[in-house]
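**Q** Would you be able to build a 3D model of this:
(one chain, ligands or ions: 1)
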Amino acid sequence: MNDLTHVAPGIWLVDTHQFGVPHQGGVYLIPGKPAALVESGTSLSRTRILQALASLDLDPADVAWIFVTHVHLDHAGGAGALLEDLPAARVVVHERGVRHLADPTRLVASVKEAVQDRFPLYGDAVPIPPERLHPAQDGERFRLGKFSVQAVDSPGHAPHHLCFFEQATGSLFSGDAAGLYLGGKLLPSTVPPSFELEAALATLDKLIGLQPRLILFTHFGPGEPTLLTTYKELLREWVDLVRRVRDQGASEEEVVETVLQEATRRGWTSTGPAKADLRMSVRGVLGYLARRAGQA
Ligand SMILES: [Zn+2]
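**A** Numbering: from 1, shown residues only. Predicted structure coming up:
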């Protein structure tokens, strides 16, 4: 199956064809007894994930954990539906994200508002019963045969973001904490409603301190650990750019357009669905700047 790639010893990447295209969104699979998934993708990822399990001869009943980096629908939206196929699995999520997975009503409403006519691409989210949710603490470890997966509190992209660090292979599942890595290009992931620059930079220092040997991006695939440092620089430049354009007094719509033009000039651009994400990321920085101004 072409949508399944071996990315590190014993770790596989399933291309979920997020937003209907390849190489945009992934779910990682750690086979074994017990087995685990990192991310669930949207509810539209379900068939591809089950196909991947089948092609690795994995019994769905052996999946003990679905580690989700945060509750945004492209990462955890499909977890509830997937639990119907994985009878023994529980969903590991940041303690601040638990209530959104137990009752996704508000989460779904906020995504609808943010993405509007693109909403059908995000699938649907069904509530997860509390006994199948595992709120994770920073530093908590999960044993999976020869693997040991550690939850790493990593706010910035969202306050309820966790990365997962697998020690045997030095693999860091970065979720959206290290940005998007699409087609060999690093792009900002600073979407509304709760991006915080300072928290994101502190998180990147913490991730660098883990000395990972491999970064496994949800969007999309493996990358070098030096990308963590590159992303710190990119985040600062990106927020500076949005701030400067905003300070010229343009309307929000104009700010978005001007920033996107400048981003294209600097090579921070991507074709396909990531372009709409970049638009949202400008709005996420504007929200962050407004909140900061409100606090001052
Ligand atoms: Zn994402």
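**Q** Taking the stretch 101-250 of the chain, what residue is nearest to the ion?
**A** residue 176 (4.5 Å; Cβ to the ion). Placement of C-beta: from N, CA and C, glycine included.
**Q** mind listing what that residue touches?
**A** Contacts of residue 176 were listed using Cβ atoms under 8 Å, 6 or more residues apart in numbering, and they are 69-70, 72, 75, 157-158, 161, 189, 218-219.
**Q** Let me know whether stretch 277-289 sits next to the ion.
**A** No. Using Cβ under 5 Å from the ion, stretch 277-289 stays clear of the ion, coming no nearer than 7.9 Å.
**Q** neighbouring contacts of that stretch?
**A** Defining contact as Cβ under 8 Å, 6+ apart, one finds that stretch 277-289 is touched by 114-115, 180, 187-197, 238-239, 242-243, 246, 252, 255-256, 259-260, 263, 268-270.
**Q** Just the C-alpha atoms of it, please, in CSV.
**A** Provided in CSV are the C-alpha atoms of stretch 277-289 (Å, rounded to 0.1, in the frame of the first residue of the first chain):
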residue,chain,number,x,y,z
ASP,A,277,-4.1,27.2,6.5
LEU,A,278,-1.5,30.0,6.0
ARG,A,279,-4.4,32.4,5.7
MET,A,280,-5.8,31.2,9.1
SER,A,281,-2.3,31.4,10.5
VAL,A,282,-2.2,35.1,9.8
ARG,A,283,-5.5,35.5,11.7
GLY,A,284,-4.1,33.5,14.5
VAL,A,285,-1.2,35.9,14.9
LEU,A,286,-3.6,38.9,14.7
GLY,A,287,-5.6,37.4,17.5
TYR,A,288,-2.4,36.8,19.6
LEU,A,289,-1.3,40.4,19.0
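**Q** Many thanks, I have nothing further to ask.
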